[in-house]
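Novice: Fold the following for me, if possible:
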Amino acid sequence: MTDKPKLTLSNPKSKLNSESKLSKNTEGVSLTEILSQDKSNRQNSSSTNSTSPNKDSKNSTLKTGQSIPQAEMLLTPEEYLVILKHLQTTYPKCFPAKTTPLPLAVGIHKQLLASEELPFAKVKIRRFLKRYTTSKEYHRNLIIGSPRVDLQGNQIGLVTEEEVNRAKWREIKREKLKKANHDSLIKKALENPVIAQEFLSEYLPDEYKSLIDLSTIKPEKETYVEKSLKTKLSDMVFSVKMHDTTEDKRNNAFIYALVEHQSYSDYWIAFRLLKYSLLLLERHVSGKNKLPIILPLVIYNGKARYKAPQNIFELFAYPDIARKAITEDYNLIDLHAMDDQAIDYEKHLSFLLYTMKHIHERNTLSMIKDAMSRCSPAIVIDKEQNYILTRLILWYSDSKVPEKSKHLLEQLIVDNLPKDEANNIMRTIADSYIEEGFNKGIIQGIEKGMEKGIEQGKNKKAIEIAKNLLSQKIDIKTISAATGLSLADIKALV
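Specialist: Presented below is the predicted three-dimensional model:
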């Protein structure tokens with residue numbers, strides 16, 4: 001089946017349906033020369049086969065001591081395009097020139113190889129089909145239920161889910177294998193401390209190199225790196241001690257060099273590096289220690305120009321704002337340091353700000369009275385919002401007022417709010433306590449029920465033991481001492 005090729009790395013130059021590449025890659029190559037050469041090879045192969053009618057051409061060649069030259073077995077980009085052009089001309093309904101490749105019928109290679117007019121060697125056709133059916137353009141058209149076509153364009157079967165999954169799996173495996181080979185090379189190289197030291201000495205910025213002692217380089221595989229992080233980074237995390245080991249820097253007197261290998265431009269690499277860095281820093285978050293420095297280094301050896309953003313800010317729609325938000329001091333609303341006169345009491349939010357600022361005062365009633373007096377414009381605005389802030393603040397404050405002073409809080413609410421609204425708010429506060437008490441009651445009931453159940457279980461076990469001892473004619477007092485049951489309870493069992 002032509003859709004089941006062995007895993008090989010396809011030549012990126014062999015793109016399908018590219019007239020420009022055909023003219024470019026076949027420059028200086030005569031179509032007639034290639035066709036004649038392949039036809040001559042086929043005739044020679046037929047002549048060889050005639051000398052051994054009971055063996056195939058491969059066995060005949062081996063038997064006569066001949067071998068196919070390696071150059072003749074390979075398929076060059078020029079030969080690929082020549083064969084493609086020939087098939088597009090000869091079988092346009094199977095190999096369309098102006099559209100994407102169609103899924104080929106299973107066993108179509110047999111149809112092609114059986115054609116006597118085909119001016120190419122069989123080995124070339126097989127290699128062409130392998131490259132053709134493993135191309136990304138061909139795989140994009142492998143859609144479940146799509147028709148497969150023979151040389152004449154007739155529908156011969158449909159693409160199955162199994163075939164699509166198999167093609168995807170092979171493509172993924174091929175990409176992983178390609179990346180794994182590159183990763184293994186750089187990983188193995190940097191495992192050597194001499195090479196790692198040379199690498200960091202060459203590529204670390206001077207401002208970092210002046211701070212560290214490169215002779216202390218150490219790969220971090222177990223101590224600091226999370227298991228999930230180690231697999232993602234291929235263990236290419238190094239710690240290097242710093243020259244300054246004074247008391248305030250003693251525990252974190254080193255930096256991390258975070259080395260990541262890339263064989264393609266990964267758009268999100270800046271985000272992933274930040275994530276990896278935070279995972280490393282998390283291991284040092286304790287007490288008031290200072291955090292170590294982490295320097296990400298990316299090694300790129302892809303075929304195309306590197307295009308991925310090199311910092312996290314370029315990933316945002318507004319990079320300048322993102323840079324300020326992430327790198328500059330966060331905005332602090334320090335109510336403790338805020339002067340009461342700095343609060344705008346004409347705004348709705350003033351009631352919340354003033355209460356939060358003074359919430360730790362010992363006399364909660366006095367604080368609420370001052371708040372309602374200063375923030376009267378805010379309470380008027382809050383009325384339009386169904387007293388959402390007033391309800392929350394008074395409910396919270398009520399929990400801080402001693403039981404003997406609850407009536408004073410109620411009077412404070414009545415004095416500062418319309419009668420109907422005051423009653424509603426007090427009812428809201430009462431309802432919240434009823435609901436809170438109900439929930440507590442449920443929890444307490446469950447706990448009490450569990451205790452009672454345990455006690456009943458113990459009592460049942462004691463009764464069973466007492467009955468067993470009674471059947472053995474044991475003295476009642478002895479049974480009482482052993483089970484904890486009263487003499488009356490034991491006598492009731494007789």
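Novice: burial count for Glu220?
Specialist: Glu220 is surrounded by 21 other residues when neighbours are defined as other C-beta atoms under 10 Å. For the C-beta atoms, the positions are set from N, CA and C on the backbone; glycine is no exception.
Novice: which residues does the nearest residue to it once chain neighbours are set aside form a beta bridge with?
Specialist: Counting by C-beta to C-beta, 6 or more residues apart in numbering, Val237 is the residue found nearest to Glu220 once chain neighbours are left out, at 4.5 Å. In this structure, Val237 has beta-bridge partners Leu258, where bridges are defined by DSSP bridges.
Novice: you'd agree Val237 is up against Leu273?
Specialist: No: using C-beta atoms under 8 Å, Val237 is not in contact with Leu273; the gap is 11.6 Å.
Novice: Next, show the common contact partners of the two.
Specialist: Overlap between the contact sets of Val237 and Leu273, as judged by C-beta atoms under 8 Å, 6 or more residues apart in numbering, is given by Leu258.
Novice: tell me which element Glu260 falls in.
Specialist: Taking DSSP states H and E as the criterion, Glu260 maps to strand 254-262.
Novice: And that strand, what does it pack against?
Specialist: Here strand 254-262 touches helix 161-191, helix 227-233, strand 237-241, helix 269-282, strand 293-300, going by 3 or more C-beta pairs under 8 Å, 6 or more residues apart in numbering; DSSP states H and E.
Novice: weakest of these in terms of mean pLDDT?
Specialist: For those, the bottom mean pLDDT is recorded on helix 227-233, which sits at a mean of 51.
Novice: Output the strand holding Glu260 in PDB with nothing but the alpha carbons.
Specialist: Listed next in PDB are the C-alpha coordinates belonging to strand 254-262 (Å, rounded to 0.1, in the frame of the first residue of the first chain):
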ATOM      1  CA  PHE A 254      24.300  31.500  42.200                       C
ATOM      2  CA  ILE A 255      22.400  31.900  38.900                       C
ATOM      3  CA  TYR A 256      20.600  29.400  36.700                       C
ATOM      4  CA  ALA A 257      21.500  29.100  33.000                       C
ATOM      5  CA  LEU A 258      18.300  27.800  31.300                       C
ATOM      6  CA  VAL A 259      19.300  26.300  28.000                       C
ATOM      7  CA  GLU A 260      16.600  25.400  25.500                       C
ATOM      8  CA  HIS A 261      17.200  23.900  22.000                       C
ATOM      9  CA  GLN A 262      14.900  24.800  19.100                       C
END
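Novice: burial of the closest residue to Ile368 other than its chain neighbours, as a residue count?
Specialist: Of all residues not flanking Ile368 in the chain, Ser397 sits nearest, at 5.3 Å (C-beta to C-beta, 6+ apart). For Ser397, the count of nearby residues is 19 (other C-beta under 10 Å).
Novice: try Cys375
Specialist: Cys375 is flanked by 27 other residues according to other C-beta under 10 Å.
Novice: now it: how far from Leu389?
Specialist: Between Cys375 and Leu389 the distance, using C-beta to C-beta, to the nearest Å, works out to 9 Å.
Novice: Domain ranges for the protein, per the record?
Specialist: As recorded under automatic domain parsing, the domains making up the chain are 19-159, 185-326, 340-417.
Novice: what pLDDT, on average, does the first one get?
Specialist: Think domain 19-159. Along domain 19-159, the predicted confidence averages to a pLDDT of 70.
Novice: can you confirm Gly302 is in a strand?
Specialist: No: counting by DSSP: H, G, I helix; E, B strand; the rest coil, Gly302 is located in no strand; its state is coil.
Novice: so Lys400 touches Thr364, yeah?
Specialist: Yes: using C-beta under 8 Å as the test, Lys400 is close enough to Thr364 to be in contact (4.6 Å).
Novice: And the two? Which one has more around it.
Specialist: Set Lys400 next to Thr364 and count neighbours by other C-beta under 10 Å: Thr364 wins out with 20 against 15.
Novice: Model confidence for that one, exactly?
Specialist: As summarised for this prediction, Thr364 has a pLDDT of 88.
Novice: who's in contact with it?
Specialist: If a contact means C-beta under 8 Å, 6+ apart, then Thr364 has Ser397, Lys400, Val401 as its contacts.
Novice: isn't the first one right up against Lys369?
Specialist: Looking back up the chat, that one is Ser397. No: Ser397 is not in contact with Lys369 according to C-beta under 8 Å; the separation is 10.6 Å.
Novice: related to what we said a few turns ago, name the element the residue nearest to Ile368 belongs to?
Specialist: Assessed by DSSP H and E, Ser397 sits inside helix 388-398.
Novice: the inter-axis angle of the helix or strand just after that helix versus helix 388-398?
Specialist: Along the chain past helix 388-398, the next helix or strand (assigned with DSSP H and E) turns out to be helix 406-416. Going by axes from the mean of the first three to the mean of the last three C-alpha atoms, to 10 degrees, helix 406-416 is angled at 160 degrees with respect to helix 388-398.
Novice: Averaged pLDDT, helix 406-416. What do you get?
Specialist: Averaging pLDDT along helix 406-416 gives 79.
Novice: Ok, stretch 469-476 next?
Specialist: If you average the pLDDT over stretch 469-476, you get 79.
Novice: Which positions in it come out as buried?
Specialist: Along stretch 469-476, the positions that meet the burial threshold by neighbour count (16 or more other C-beta atoms under 10 Å) are Leu469, Leu470, Ile476.
Novice: Confirm that Ala308 sits in a strand.
Specialist: No: residue assignment for Ala308, taken from three-state DSSP, gives coil, which places it outside any strand.
Novice: Who are the contact partners of it?
Specialist: Going by C-beta under 8 Å, 6+ apart, Ala308 touches Gln262, Ser265, Asp266, Tyr267, Ile269, Ala270.
Novice: Excluding chain neighbours, give the residue nearest to it in space.
Specialist: What sits nearest to Ala308 in space, not counting adjacent residues and going by C-beta to C-beta, 6+ apart, is Ser265, at 4.3 Å.
Novice: ok, so what distance separates that neighbour from Lys303?
Specialist: To Lys303, Ser265 is 10 Å away according to C-beta to C-beta.
Novice: Out of these two, name the residue with the larger neighbour count.
Specialist: Remark: of Ser265 and Lys303, Ser265 carries more neighbours, 14 against 7, as counted by other C-beta under 10 Å.
Novice: Could you double-check that that one sits in contact with Ala304?
Specialist: Yes: applying C-beta under 8 Å, one finds Ser265 in contact with Ala304, separated by 7.0 Å.
Novice: picking that back up, identify the contacts common to Cys375 and Leu389.
Specialist: In the contact map built from C-beta under 8 Å, 6+ apart, the residues linked to both Cys375 and Leu389 are Phe351.
Novice: Okay, and Ala317 sits in which element?
Specialist: Element membership for Ala317 (DSSP H and E) is empty, with no helix or strand holding it.
Novice: ok, it to Tyr330 distance?
Specialist: Applying C-beta to C-beta, the value for Ala317 to Tyr330 is 21 Å.
Novice: For Leu279, state which of the contacts of Thr364 is nearest.
Specialist: For Leu279, the closest of those turns out to be Lys400, at 41.5 Å, with distances computed as C-beta to C-beta.
Novice: related to what we said a few turns ago, if I pick the residue nearest to Ile368, what's in contact with it?
Specialist: Taking C-beta under 8 Å, 6+ apart as the criterion, Ser397 is in contact with Thr355, Thr364, Met367, Ile368, Leu409.
Novice: how about 10 Å then?
Specialist: Ser397 makes contact with Thr355, Ile359, Thr364, Leu365, Met367, Ile368, Ala371, Leu409, Leu412, Ile429 under the criterion C-beta atoms under 10 Å, 6 or more residues apart in numbering.
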